[in-house]
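Undergrad: Provided below for reference: sequence and predicted model.
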Amino acid sequence: MAMLTTTDNPYNPFTQYDQWHQWDADTGYNTCEYLARITITSDDLSEIDQLQAIDMAIDEIIEMNVTGKYKKVTEQDYPLKPPPS
């Protein structure tokens with residue numbers, strides 16, 4: 001599964017979603033709302049088809065990323081930090 005984020009958001013959208021979303025809203029990006037506007041989906045679609053529609057919308061946003069601020073990420077893009085010693 002992939003997610004859309006911005007290059008300057010310091011939070012991990014997979015494990016720190018609330019902080020990630022708050023930072024995104026505070027900066028005025030509203031990435032989730034942007035993604036929702038681009039995604040073509042329906043309640044009639046299966047969950048897998050809905051996830052594919054979201055992934056296709058993320059790819060479209062990245063393709064048209066004229067500002068360079070958006071990026072598509074997976075959990076593997078966020079290395080695990082070692083526990084504090």
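TA: All right, it came through fine.

Undergrad: List the contacts of the one helix or strand residue 55 maps to.
TA: Per DSSP states H and E: residue 55 is located in helix 47-63. Contacts of helix 47-63 with the rest of the structure, by CB atoms under 8 Å, 6 or more residues apart in numbering, involve 1-4, 34-35, 38-41, 45, 70-72. Placement of C-beta: from N, CA and C, glycine included.

Undergrad: Could you identify the buried members of those residues?
TA: 2-4, 35, 38-39, 70-71 (16 or more other CB atoms under 10 Å).

Undergrad: now these in CSV, with distance to residue 59 and secondary structure?
TA: Shown next, in CSV, are the buried ones among the contacts of helix 47-63 (distance: CB to CB, whole Å; DSSP: H, G, I helix; E, B strand; the rest coil):
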residue, distance to residue 59, secondary structure
2, 9, coil
3, 12, strand
4, 10, strand
35, 11, helix
38, 10, helix
39, 11, coil
70, 11, strand
71, 12, strand
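
Undergrad: can you give me the offset of the helix holding residue 55 from its chain's centre?
TA: Chain-centre distance of helix 47-63: 10 Å, with CA atoms, centre = their mean, to the nearest Å.

Undergrad: Surely residue 9 forms part of a strand?
TA: No - secondary structure of residue 9 (DSSP: H, G, I helix; E, B strand; the rest coil): coil, not part of a strand.

Undergrad: Could I get the contacting residues of residue 12?
TA: 20, 78.

Undergrad: Can you tell me whether I have it right that it is in a strand?
TA: No - counting by three-state DSSP, one finds residue 12 to be coil, located in no strand.

Undergrad: how far away is it from residue 64?
TA: Residue 12 sits 25 Å away from residue 64, going by CB to CB, to the nearest Å.

Undergrad: cool, and residue 17?
TA: Taking CB to CB as the measure, residue 17 falls 25 Å from residue 64.

Undergrad: Tell me the pLDDT of residue 78.
TA: Note for residue 78: predicted pLDDT of 88.

Undergrad: so how many other residues sit close to it?
TA: Counted with other CB atoms under 10 Å, the neighbours of residue 78 add up to 14.

Undergrad: Ramachandran coordinates for the nearest residue to it once chain neighbours are set aside?
TA: Nearest non-adjacent residue to residue 78, counting by CB to CB, 6 or more residues apart in numbering: residue 12, 4.6 Å away. For residue 12, the backbone dihedrals are phi -80, psi 120 (criterion: degrees, to the nearest 10).
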